[in-house]
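Undergrad: below are the sequence and a predicted model for it; my questions follow.
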Amino acid sequence: METILSNTALAIGIMIGLCFLGIGIGIGILGGRVAEAIGRNPETKNDVVHSVMTILIVTAVFLLFLFAFCFLLLFFNPLVTY
């Protein structure tokens, strides 16, 4: 049982780490593209910012789903039989 719990904790750490790595890279690329778009066409700033905020909100919701899944694995692990 201890090996299952330790492997679950390791998997959760890897999932969260890769998630934050991917989100960091994605937001960095998105920010660079937004700066390019606003630099080329400054009068469309409001439209671009609204689109980016929508994308960031969806990303945050997926991140919350990941945390919910991780807590589900931590506290209600289906592989552990008591």
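TA: That came through, no problem. Since the model is a prediction, treat every value here as computed from it, not as a measurement.
Undergrad: now the strand or helix carrying Ile23: mean pLDDT?
TA: Element membership of Ile23 [criterion: DSSP states H and E] is helix 2-40. Helix 2-40 shows a mean pLDDT of 92.
Undergrad: quick check: buried residues in it?
TA: For helix 2-40, burial by neighbour count (16 or more other CB atoms under 10 Å) applies to Thr8, Ile12, Ile23, Val34, Ala37. (Each C-beta comes from the backbone N, C-alpha and C, glycine too.)
Undergrad: I figured the third one hits Ala60, correct?
TA: No - with contact defined as CB atoms under 8 Å, Ile23 and Ala60 do not form a contacting pair (9.1 Å).
Undergrad: buried residues in stretch 70-81?
TA: Cys70, Leu73.
Undergrad: heads up, I number from 280, so please use that
TA: Fine by me, first position is 280 from now on; the one you just mentioned is stretch 349-360.
Undergrad: what separates the first and last residues of that stretch, distance-wise?
TA: One end of stretch 349-360 sits 18 Å from the other (CA to CA, to the nearest Å).
Undergrad: and for it, what are the contacting residues?
TA: Contact with stretch 349-360 is made by Met280, Ile283, Leu284, Thr287, Ala288, Ala290, Ile291, Met294, Ile295, as judged by CB atoms under 8 Å, 6 or more residues apart in numbering.
Undergrad: tell me who's in contact with the first one.
TA: For Met280, the contact set (CB under 8 Å, 6+ apart) comprises Val359, Thr360.
Undergrad: quick one: classify the most centrally placed residue in the chain as helix, strand or coil.
TA: With distances taken as CA atoms, centre = their mean, Leu342 lies nearest the centre of the chain, 4.0 Å away. Using DSSP: H, G, I helix; E, B strand; the rest coil, the structure places Leu342 in helix.
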